[in-house]
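Student: Give me a model of this one.
(chains A and B)
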2 protein chains.
Amino acid sequence: MAPKSYNASHPPIPSSTFDPNQRSHTHHNHTEADCPFCHISAVFRPYNPANPPPPSSALLNPELTSPQASAFVVLSTPHLVAFLDIMPLSVGHVLLCPRPHRPKLTDVSPAESAELGRYLRILSAAVVRATGVADWNVVQNNGAAAAQVVPHMHFHVIPRPELRDKRSERFTATMFGRGQRDELDEEEAVELAERVRRAVAEIMWGDGEGGAKL
Amino acid sequence: MAPKSYNASHPPIPSSTFDPNQRSHTHHNHTEADCPFCHISAVFRPYNPANPPPPSSALLNPELTSPQASAFVVLSTPHLVAFLDIMPLSVGHVLLCPRPHRPKLTDVSPAESAELGRYLRILSAAVVRATGVADWNVVQNNGAAAAQVVPHMHFHVIPRPELRDKRSERFTATMFGRGQRDELDEEEAVELAERVRRAVAEIMWGDGEGGAKL
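Tutor: Prediction:
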């Protein structure tokens, strides 16, 4: 419940030995004070994704991030966290990121990269199931030239209901930083997040990982 | 050397138990006769990515795919293969895919998904090193509505030299299926592929995986 004590209760994850930017490993390595995704990471504690808490749980209160924007968590493990994009390109647009502050994909540890791959499949399947939309894009931007906005690496999972509607035109125009996106409706978001969490659990049980430990 | 015997020498990788499309598991599950990526997968055998063969090796002959388009392999393991995109959006544009025919990300097995995540980081770091371009996009399209062209799932790793040049405008227009892309220059491709393979090896040694087995 005390957000500040969260990190203390989990061992730090060693960062990669490869560092193309020769970034210094200071105490800012794991949490950046002004990073919105570090904030989400810090206030939402892990739960067993194969057995998520009910929507009423204090663990999932979207206002834990207050006074910053609400967050609707769909997956929360010791290493990763996923939540609804607050400016979605389509219904079911979610973000998956490592808990520690990793600016780019190359800043994650080998173990984190494997975990991201594993949950990217699970989360994709959950979004398909929760939205009923069979097609989707996965996008992950690294650096300003690649239109990365929040410098804490994240995968976008973006349902694509159809190619030739207005929203789709907007998608191409906005995916890399231009144009307008809708704001998330908070009531719909609560319900959608619950559907995604349940679908994650179902998929993990289907994989035979229902008994997986945290 | 005998492409048709390749699959026989490796145990089949079990496919995921989760299948949102309820695709039937026929003998076409692992190799599709008309899939260009299955063809690449079948003719390029695995090598130890921490100790790649020299460019002159028959294992890397781009014309192994003949009479189909040449392929410039940058990574080849028992489970995955990566190669230069033959219509690159920028220099260093590579594709990473599982060896077996998996139409979408949700069709890969849990083990394959973890492996894809692990090598997506290594390959990204290698492309940064080989091209000297620090920013890049990772894109993975699932289904026709998401502009997937080859129905064998693959991650694009696309260097982004800068945001405001002509090529960049073309990027946004072409990433999802429209507009024109350059054809790969074969001589440059041989050299570039070698640089990426060497960078993959360096990164794996840096990770302490230099002694990793196939």
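
Student: other SSEs contacting the lengthiest strand in chain A?
Tutor: For chain A, the strand with the greatest residue count under DSSP state E is strand A:136-142. Here strand A:136-142 touches helix A:110-131, strand A:155-159, strand B:136-142, going by 3 or more CB pairs under 8 Å, 6 or more residues apart in numbering or on different chains; DSSP states H and E. To be clear about C-beta, it is placed using only N, CA and C from the backbone, and glycine gets the same treatment.

Student: Throw the ones you listed into a markdown table and include distance to A:Ala189, mean neighbour count and mean pLDDT, thanks.
Tutor: Below are the helices and strands packed on strand A:136-142 laid out as a markdown table (distance: least, CB to CB, whole Å; neighbours: other CB atoms under 10 Å in any protein chain shown; pLDDT from 0 to 100):
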| stretch | distance to A:Ala189 | mean neighbour count | mean pLDDT |
| --- | --- | --- | --- |
| helix A:110-131 | 12 | 24 | 98 |
| strand A:155-159 | 15 | 24 | 97 |
| strand B:136-142 | 23 | 25 | 97 |
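
Student: could you pull out the helices for chain A?
Tutor: A:36-43, A:110-131, A:166-174, A:186-206 (DSSP state H).

Student: Would you mind telling me which of those is nearest chain B?
Tutor: Comparing the helices of chain A by their distance to chain B (CB to the nearest CB), the top pick is helix A:110-131, with 1.8 Å.

Student: Using CSV, write down the CA coordinates of the closest one.
Tutor: The C-alpha trace of helix A:110-131 is given here as CSV (Å, rounded to 0.1, in the frame of the first residue of the first chain):
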residue,chain,number,x,y,z
PRO,A,110,18.6,-10.8,-21.3
ALA,A,111,16.1,-12.3,-18.7
GLU,A,112,13.7,-9.3,-19.1
SER,A,113,13.8,-9.6,-22.9
ALA,A,114,12.7,-13.3,-22.7
GLU,A,115,10.0,-12.3,-20.3
LEU,A,116,8.8,-9.5,-22.6
GLY,A,117,8.6,-12.0,-25.5
ARG,A,118,6.7,-14.5,-23.4
TYR,A,119,4.1,-12.0,-22.2
LEU,A,120,3.8,-10.2,-25.6
ARG,A,121,2.3,-13.4,-27.0
ILE,A,122,0.0,-13.9,-23.9
LEU,A,123,-1.1,-10.3,-23.9
SER,A,124,-1.7,-10.3,-27.7
ALA,A,125,-3.9,-13.4,-27.3
ALA,A,126,-5.7,-11.7,-24.4
VAL,A,127,-6.4,-8.6,-26.4
VAL,A,128,-7.8,-10.6,-29.3
ARG,A,129,-10.1,-12.5,-26.9
ALA,A,130,-11.2,-9.4,-25.0
THR,A,131,-11.9,-7.3,-28.0
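
Student: is any part of it close to chain B?
Tutor: Yes. Helix A:110-131 lies within reach of chain B by CB under 8 Å from any CB of the partner chain, at A:110, A:113-118, A:120-122, A:124-125, A:128-129.

Student: From A:Ala146, how far off is the closest residue in space to A:Ala144 that isn't next to it in sequence?
Tutor: Distances taken as CB to CB, 6 or more residues apart in numbering or on different chains put B:Asp135 closest to A:Ala144, at 6.7 Å, once the chain neighbours are dropped. From B:Asp135 across to A:Ala146, the span is 4 Å (CB to CB, to the nearest Å).

Student: I figured A:Gly92 was touching A:Glu191, is that so?
Tutor: No. If you go by CB atoms under 8 Å, A:Gly92 and A:Glu191 don't touch, sitting 11.8 Å apart.

Student: Please say which of those two ends up with more neighbours.
Tutor: The residue with more neighbours, out of A:Gly92 and A:Glu191, is A:Gly92; 25 against 13, by other CB atoms under 10 Å in any protein chain shown.
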